[in-house]
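Visitor: Build the 3D model from these lines:
(4 chains)
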Number of protein chains: 2
Amino acid sequence: MALNAQSPLPLYHQLAGLLRSRIREGEYPTGARIPSEPELARAYGIGRPTVRQATDVLVRERLLERRRGSGTYVVEPPERVDLFSLAGTLASFERSGVPVRTAIVQRARRLRVPDDPEHPLAGRDAWALVRLSRARGKPVLLEHLWFDAERFEGLDRLSLAGRSLSQLAHDHYHLSAERADQNFRVTEAQADHAALLEIAPATPILLVKRSVHFRQAPDAVFAELRCRTDQLVFAQTLYQDGDPGPEASHA
Amino acid sequence: MALNAQSPLPLYHQLAGLLRSRIREGEYPTGARIPSEPELARAYGIGRPTVRQATDVLVRERLLERRRGSGTYVVEPPERVDLFSLAGTLASFERSGVPVRTAIVQRARRLRVPDDPEHPLAGRDAWALVRLSRARGKPVLLEHLWFDAERFEGLDRLSLAGRSLSQLAHDHYHLSAERADQNFRVTEAQADHAALLEIAPATPILLVKRSVHFRQAPDAVFAELRCRTDQLVFAQTLYQDGDPGPEASHA
DNA sequence: CAGTGGTCTAGACCACTAT
DNA sequence: TAGTGGTCTAGACCACTGA
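Guide: Alright, predicted model coming up:
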């Protein structure tokens, strides 16, 4: 439970991780106030600036929120964009009462990715799998995913059902997604995709191509998402980076 | 040029602004190294932690990049998502050699926004305007924009042509966009929209509805973007918030 | 090797919130 | 008024980069 000053991992990072898991495990539930900065500093025998550095990380992750004069609080559900799917969207639907169920259509198999100028893994070995998500009994999202075979050694032996793939990448491979490039186009569904999505062939659907970048490995994951926007509206929230917001308003 | 310790604006924020304008004005061009942290601290008579706090802001804005042992450098063009349009996309096309031209289709006029559950300004007064963007001579993006009339008092008297609307909001109204919610659907173009986009009526297009939130004013801007993805692929980059990245790799 | 950013301490004063 | 977060100082040691 204590922090290790000898560890190569900085103290503020250790503390951030500690607080993060306490929040996830419910010790500090949503809306709760975490111990004050001086308290944490005393408790862990570190300086207050180091405590702030740790909570800074979590504030930027939108897990914590500071209220001057009052305390630091655990914030409402993250509502983050999940870079591995449109799961951010789907999760928000779950909350609104519409359950979303995701099933594996095709288990992970290793293959050589064929040539495709838009596919960052083209010509390399990858694990490929296909998932289908349903809401209100209707299929709404078909995902084709490719994972760099070297980076994700042994992916086929992991159980993927019902697990967040970004969580999996983090826990099993110590990879954290940093950035994703994606683009949007309207296309007509191919016959096989249409069948899975239960629509007529050539029905226009939303096609999103997404490339996920990790700090240690750019372009390690690629995904094609096909969305039935007649059944589910796909949403996201964008945050403008930068200013944590100064205390005073400008004159 | 000096910092003012009496100002209600924090020192680190003043310094961040100073550095930001020097970068914009070309004093520190792309790729250049800015003065070291100790140098800046000496030059402005402040502590090094305060200098770091200032450059932290710019690092999060992706304007600066730190290289340990070497220095802090001005980073390649921002490539940010412009919350007022798909201009991030369009700008990147500009760089790739495809010029994009935007014209006002309908000048700003004040109106009462009709009822619409998806329109955050419904029932309130707003400035409404319409823009059309072309690439390679073909229309690719039709934007309907609504600005809260109270927040954007006098918007009709400003010249909007060729100006970034987020720059305008910042310069004239001291509003900086913080967050945007948006959703994506495939729809069939209405007759009037189809005419402007030079496509057949009922052609499927991408419809993006976006609500822009400011620190001081949530939901002050709303936009409907209609995109011809057959001509231009709409792209964006998402950044995972959080970790600035610790120094050491984990064991 | 000198200089850089990365981390950390031990204080300090302030504006603000809750009571 | 006591406690909170917001800002700031003046140091320190370290790992790393580049000449």
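Visitor: how about the strands in chain A?
Guide: Assigned strands in chain A, in chain order: A:33-34, A:64-67, A:71-74, A:100-112, A:125-135, A:138-148, A:177-188, A:204-214, A:221-227, A:234-239 (criterion: DSSP state E).
Visitor: I'd like these written out as a markdown table, with mean pLDDT, mean neighbour count and distance to chain B added.
Guide: Heads up, the C-betas are built off the backbone N, CA and C, glycines and all. Below are the strands of chain A laid out as a markdown table (pLDDT from 0 to 100; neighbours: other C-beta atoms under 10 Å in any protein chain shown; distance: least, C-beta to the nearest C-beta, whole Å):
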| stretch | mean pLDDT | mean neighbour count | distance to chain B |
| --- | --- | --- | --- |
| strand A:33-34 | 96 | 16 | 17 |
| strand A:64-67 | 93 | 15 | 11 |
| strand A:71-74 | 95 | 18 | 15 |
| strand A:100-112 | 92 | 14 | 16 |
| strand A:125-135 | 93 | 20 | 15 |
| strand A:138-148 | 94 | 22 | 12 |
| strand A:177-188 | 89 | 19 | 4 |
| strand A:204-214 | 93 | 22 | 4 |
| strand A:221-227 | 94 | 23 | 8 |
| strand A:234-239 | 83 | 20 | 4 |
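Visitor: Nearest to residue B:171, out of these?
Guide: Smallest distance to residue B:171 across the strands of chain A (C-beta to C-beta): 21.5 Å, for strand A:234-239.
Visitor: Would you format the strands of chain A as a markdown table with distance to DNA strand C included?
Guide: Output for the strands of chain A, formatted as a markdown table (distance: least, C-beta to the nearest atom of the strand, whole Å):
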| stretch | distance to DNA strand C |
| --- | --- |
| strand A:33-34 | 10 |
| strand A:64-67 | 6 |
| strand A:71-74 | 8 |
| strand A:100-112 | 35 |
| strand A:125-135 | 32 |
| strand A:138-148 | 27 |
| strand A:177-188 | 15 |
| strand A:204-214 | 18 |
| strand A:221-227 | 26 |
| strand A:234-239 | 22 |
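Visitor: May I see the ones you listed arranged in JSON lines, with distance to residue B:127 as well?
Guide: Shown next, in JSON lines, are these (distance: least, C-beta to C-beta, whole Å):
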{"stretch": "strand A:33-34", "distance to residue B:127": "42"}
{"stretch": "strand A:64-67", "distance to residue B:127": "33"}
{"stretch": "strand A:71-74", "distance to residue B:127": "37"}
{"stretch": "strand A:100-112", "distance to residue B:127": "38"}
{"stretch": "strand A:125-135", "distance to residue B:127": "37"}
{"stretch": "strand A:138-148", "distance to residue B:127": "36"}
{"stretch": "strand A:177-188", "distance to residue B:127": "28"}
{"stretch": "strand A:204-214", "distance to residue B:127": "30"}
{"stretch": "strand A:221-227", "distance to residue B:127": "33"}
{"stretch": "strand A:234-239", "distance to residue B:127": "23"}
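Visitor: Point me to the residue of chain A nearest DNA strand C.
Guide: residue A:69 (2.3 Å; C-beta to the nearest atom of the strand).
Visitor: Can you tell me how far residue A:18 is from residue A:4?
Guide: 11 Å (C-beta to C-beta, to the nearest Å).
Visitor: In terms of neighbours, single out the busier of those two.
Guide: Using other C-beta atoms under 10 Å in any protein chain shown as the criterion, residue A:18 and residue A:4 rank with residue A:18 on top: 16 against 9.
Visitor: Quick check: the gap between that one and residue B:92.
Guide: 40 Å.
Visitor: Number of residues surrounding the residue of chain A closest to DNA strand C?
Guide: By the criterion of other C-beta under 10 Å, residue A:69 has 4 neighbours.
Visitor: Then residue A:45?
Guide: Neighbour count for residue A:45, taken as other C-beta under 10 Å: 10.
Visitor: residues contacting it?
Guide: Counting by C-beta atoms under 8 Å, 6 or more residues apart in numbering or on different chains, residue A:45 touches residue A:3.
Visitor: From residue A:11, how far out is it?
Guide: Per C-beta to C-beta, residue A:45 is found 10 Å from residue A:11.
Visitor: On the pLDDT front, check the spatially most central residue of chain A for me.
Guide: The centroid of chain A falls nearest to residue A:82 when counting by C-alpha atoms, centre = their mean (3.1 Å). In this model, residue A:82 is scored at 70, pLDDT.
Visitor: so it makes contact with residue A:166?
Guide: Yes - between residue A:82 and residue A:166 there is a contact at 6.0 Å, judged by C-beta atoms under 8 Å.
Visitor: domain assignment for chain A?
Guide: A:11-74, A:87-227 (automatic domain parsing).
Visitor: near DNA strand D, anything from the last one?
Guide: What it means is domain A:87-227. No - for domain A:87-227, no contact with DNA strand D is found by C-beta under 7 Å from any atom of the strand; the gap never falls below 14.9 Å.
Visitor: from the chain's centre, how far out does that domain sit?
Guide: When C-alpha coordinates are averaged (C-alpha atoms, centre = their mean, to the nearest Å), domain A:87-227 and its chain have centres 12 Å apart.
Visitor: cool, and the first one?
Guide: Computed by C-alpha atoms, centre = their mean, the separation of domain A:11-74 from the middle of its chain amounts to 21 Å.
Visitor: mind checking the end-to-end distance for it?
Guide: Using C-alpha to C-alpha, to the nearest Å, the end-to-end distance of domain A:11-74 comes out at 21 Å.
Visitor: do you know how far the residue nearest to the centre of chain A is from DNA strand D?
Guide: Relative to DNA strand D, residue A:82 is positioned 28 Å away (C-beta to the nearest atom of the strand, to the nearest Å).
Visitor: gap between that residue and residue A:91?
Guide: For residue A:82 relative to residue A:91 (C-beta to C-beta), the value is 8 Å.
Visitor: If we ignore the residues flanking it in sequence, what's nearest residue A:160?
Guide: Setting aside the residues directly before and after it, residue A:160 is nearest to residue A:104 in space (C-beta to C-beta, 6 or more residues apart in numbering or on different chains), at 6.4 Å.
Visitor: What residues does the one you found make contact with?
Guide: Applying C-beta under 8 Å, 6+ apart to residue A:104 gives the contacts A:129-131, A:160-161.
Visitor: Any idea what it is bridged to?
Guide: Assessed by DSSP bridges, residue A:104 has beta-bridge partners residue A:131.
Visitor: mind checking how far it is from residue A:145?
Guide: Taking C-beta to C-beta, one finds residue A:104 at 10 Å from residue A:145.
Visitor: ok, now residue A:99?
Guide: Taken as C-beta to C-beta, the span from residue A:99 to residue A:145 is 22 Å.
Visitor: repeat for residue A:65
Guide: 33 Å.
Visitor: now residue A:30
Guide: 30 Å.
Visitor: Over to residue A:4?
Guide: If you go by C-beta to C-beta, the gap between residue A:4 and residue A:145 works out to 37 Å.
Visitor: How about residue A:29?
Guide: 33 Å.
Visitor: One more: residue A:33?
Guide: 39 Å.
Visitor: Can you tell me the closest non-neighbouring residue to residue A:113?
Guide: Nearest non-adjacent residue to residue A:113, counting by C-beta to C-beta, 6+ apart: residue A:121, 4.6 Å away.
Visitor: isn't that neighbour right next to residue A:148, touching?
Guide: Yes - applying C-beta under 8 Å, one finds residue A:121 in contact with residue A:148, separated by 6.2 Å.
Visitor: Next, show the common contact partners of the two.
Guide: Common neighbours of residue A:121 and residue A:148 (C-beta under 8 Å, 6+ apart) are residue A:219.
Visitor: Give me the number of neighbouring residues for the residue lying closest to residue A:53 once chain neighbours are set aside.
Guide: Excluding the flanking residues, the one nearest residue A:53 by C-beta to C-beta, 6+ apart is residue A:12, at 3.7 Å. Applying other C-beta under 10 Å, we find 20 residues neighbouring residue A:12.
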